[in-house]
Each structure stands twice: as structure tokens, then as C-alpha cells.
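Q: Sequence unavailable; structure follows:
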């Protein structure tokens with residue numbers, strides 16, 4: 001009898017092993033996605049994973065290639081309801097990692113600046129989408145050089161215009177604008193377990209906790225006057241990493257924000273590489289300012305001002321007008 005039980009157990013173990021081996025590559029691929037999402041999503045305790053899995057695996061049956069799984073993964077990420085997670089296909093990942101080869105320097109410099117009325121430094125920062133170390137360094141170096149060019153003994157304040165900053169990679173933006181942010185911790189990522197990871201700018205370097213992610217190749221610039229007031233301009237196109245920059249200035253002394261509330265994507269995306277070279281950017285944290293104030297949704301400015309995007313940079317730009325008035329006072 002004991003031998004019969006042993007045979008049955010061996011048979012069951014063999015059956016389980018066989019069933020595991022019959023999983024298709026597509027099923028394994030989607031399994032990996034669920035392993036990542038269920039462990040790291042900021043919404044992991046708020047969604048019905050059984051329902052999401054049921055829908056996903058029904059579609060996997062029809063998938064013949066890994067590429068056929070892309071729409072399934074995109075659907076999984078949408079069903080999380082964080083409105084920020086997304087899939088970057090392997091082709092997009094390759095372009096993202098090699099922008100220094102595919103883009104000119106002018107295409108990488110998504111910012112501009114000038115001196116207003118001889119006493120106010122104005123910087124308009126749009127988003128930058130790249131994972132190429134050389135491109136990120138070029139962005140940070142160029143932005144610091146622009147700040148150096150504008151800064152002089154007559155400067156009485158700064159305007160940082162983020163109204164068209166739709167996001168991308170926050171680290172070159174933090175490293176580039178660092179001289180105005182000043183050295184030290186300027187914000188945090190707060191995960192679902194309440195663990196904080198600090199982001200910092202320190203003498204030409206930006207990064208998280210003790211890890212430097214972007215470092216300028218030039219000598220970091222230091223403002224002639226670090227106590228000048230700073231006006232931050234925001235709008236409903238200020239999103240994701242653009243909101244990182246808003247958060248980095250939030251709670252800083254002599255700083256006030258003007259415009260409209262941001263897009264409401266003040267949540268941190270963490271990168272997870274998949275077996276075929278694609279990458280999930282999964283929302284796994286919420287932004288917090290230097291003083292511990294949590295966001296996660298839209299960030300409202302101190303002074304709300306209605307404007308249209310056609311007005312930006314024109315004589316009818318009421319947001320810049322009020323920022324200048326505040327600085328001059």
C-alpha cells in the first residue's frame with residue numbers, strides 16, 4: 001500500500017512538472033508582468049487582480065508571439081487605474097537609450113531662457129525624454145551654462161516656466177536647474193509601504209538616496225545670489241517629471257507658484273526590463289516635497305491664474321506679469 005501511495009505522489013509531481021513545461025512563452029511573459037505588478041504597483045492593494053488576470057489570460061490564448069502580448073500588457077497597466085504606468089516596447093527602449101546617436105544637440109535642448117527687464121532671469125523648461133547618459137549630461141550641462149549666461153549682479157529673481165513641461169526624465173532636469181534649487185534634498189518618492197526615497201541635487205549631481213544618476217561634466221555653476229525669489233509657473237500640461245520639478249521647489253523659501261493646477265501625475269514610475277528588451281514603467285510611489293507634504297494628484301499653485309497656451313511668451317501672458325510683479329515687490 002505504501003508503494004502505491006509513493007507511485008501516486010511521483011505521478012502527481014510529474015504531472016505538475018509537465019503542466020509547467022506546457023506554458024507558452026507568451027504565458028510566461030505575462031506571468032512575469034503580473035509578478036512585477038502585484039509586488040510593486042502603488043495600487044496593488046486596491047485592485048481586483050483576479051478580474052484583471054481572467055481578462056488578460058483569456059487574450060493570451062490568442063497570442064502567437066511576444067509582440068502579440070503588448071496590447072494585453074497595456075490593458076493590464078490601464079486596469080491598475082493609476083493613469084501613469086505604461087509599456088515601452090523594445091524598439092522604443094532602444095531609441096530611448098540611444099538619443100545621442102539619433103538626435104542633434106538642438107533637439108535635446110528642450111529649454112530656453114532670457115533676461116527680462118534686465119533684472120529677472122526667465123527659464124522655460126519643456127520635458128526631455130531620454131535614457132542615454134550622454135544626452136542627459138548634455139542637457140544638464142547646457143542648462144547650467146544658460147543659467148550662468150543669464151545670471152548677473154542685477155538679477156533680482158527667477159521665473160521657472162514649467163507650463164509646457166509634459167515630463168520624461170527628471171534627473172537631467174534636476175541636475176540642470178540645480179543651481180536655482182540649491183544643494184540638498186529637494187523631495188521624496190513615497191512607496192505604498194510608507195518608505196521614503198529622497199531625491200537630491202548636490203554640486204552638479206542629481207540622484208536618489210546616495211545614488212547619483214546624472215552628473216554634469218562641467219564645473220557646476222553657483223548663483224551670485226541664492227536668496228533671490230523664485231516664481232514657478234504651472235499649468236495642466238505640467239505632468240509627471242515636470243511635476244517633479246514643481247515638487248522640488250515646493251516648500252522652498254522665497255518661492256511662490258503661479259498659473260493653473262498641474263496634470264495630476266505626481267507619482268513615480270519605476271523601470272522594469274522584460275525578457276524581450278521591452279520595459280514597464282510602473283507607478284510605484286507618490287511625490288512628496290522637502291517638508292513631507294504628499295501629492296499623488298494635481299499640484300495647485302499658490303496663485304491661480306487663468307491663461308491659454310497661445311498667450312505664453314506674448315505681451316498678454318498674465319502669469320508672467322504677476323510673477324514679475326511679485327518678484328519686484
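A: Everything's here; your move. This is a predicted model, so every value here is computed, not measured.
Q: CA only for contacts and neighbour counts going forward, please
A: Fine.
Q: Please identify the buried residues of stretch 186-202?
A: 186-191, 196-202 (16 or more other C-alpha atoms under 10 Å).
Q: I would like the residues contacting that stretch, please.
A: 42-43, 174-175, 178, 181-185, 206-209, 247-249, 267-268, 284-292 (C-alpha atoms under 8 Å, 6 or more residues apart in numbering).
Q: re the thing from before, which of the buried residues of stretch 186-202 fall in strands?
A: 186-191, 196-202 (DSSP state E).
Q: Which single one of the residues you listed is nearest to residue 231?
A: residue 186 (16.3 Å; C-alpha to C-alpha).
Q: quick one: the residue lying closest to residue 200 once chain neighbours are set aside from residue 136, how far?
A: Excluding its sequence neighbours, the residue lying closest to residue 200 (C-alpha to C-alpha, 6 or more residues apart in numbering) is residue 185, at 4.3 Å. Plainly put, residue 185 is 20 Å away from residue 136 if you go by C-alpha to C-alpha, to the nearest Å.
Q: Just say helix, strand or coil for residue 137.
A: Assigned by DSSP: H, G, I helix; E, B strand; the rest coil, the conformation of residue 137 is helix.
Q: Find me the pLDDT at it, would you?
A: For residue 137, the pLDDT comes out at 96.
Q: Next up, the contacts around it.
A: Residue 137 sits next to 172, 214-217 when contact means C-alpha under 8 Å, 6+ apart.
Q: repeat that for 6 Å
A: Neighbouring residues of residue 137 by C-alpha atoms under 6 Å, 6 or more residues apart in numbering: residue 216.
Q: what about the strands in the stretch 201-329 of the chain?
A: Assigned by DSSP state E, counting those that start in this stretch, the stretch 201-329 of the chain shows strands spanning 205-208, 211-215, 230-234, 255-259, 267-273, 279-288, 303-304.
Q: hmm, I was thinking of the stretch 1-150 of the chain
A: Per DSSP E, counting those that start in this stretch, the stretch 1-150 of the chain carries strands over the ranges 86-88, 111-116, 120-125.
Q: quick revisit: can you put the ones in strands among the buried residues of stretch 186-202 in JSON lines and add pLDDT and distance to residue 127?
A: JSON lines is the format used below for those (pLDDT from 0 to 100; distance: C-alpha to C-alpha, whole Å):
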{"residue": "186", "pLDDT": "96", "distance to residue 127": "19"}
{"residue": "187", "pLDDT": "97", "distance to residue 127": "19"}
{"residue": "188", "pLDDT": "97", "distance to residue 127": "20"}
{"residue": "189", "pLDDT": "97", "distance to residue 127": "19"}
{"residue": "190", "pLDDT": "95", "distance to residue 127": "23"}
{"residue": "191", "pLDDT": "92", "distance to residue 127": "24"}
{"residue": "196", "pLDDT": "94", "distance to residue 127": "25"}
{"residue": "197", "pLDDT": "96", "distance to residue 127": "23"}
{"residue": "198", "pLDDT": "97", "distance to residue 127": "21"}
{"residue": "199", "pLDDT": "96", "distance to residue 127": "18"}
{"residue": "200", "pLDDT": "97", "distance to residue 127": "19"}
{"residue": "201", "pLDDT": "97", "distance to residue 127": "18"}
{"residue": "202", "pLDDT": "97", "distance to residue 127": "21"}
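Q: Closest to residue 243 out of those residues?
A: Once C-alpha to C-alpha is applied, the member of these that ends up nearest residue 243 is residue 187, at 11.1 Å.
Q: If the closest one is in a bridge, with which residues?
A: Beta-bridge partners of residue 187, counted by DSSP bridges, are residue 199.
Q: coming back round to it: counting neighbours, which of the contacts of stretch 186-202 end up buried?
A: So, by 16+ other C-alpha under 10 Å, the buried ones in those are 42-43, 174-175, 178, 181-183, 185, 206-208, 247-249, 267-268, 284-290.
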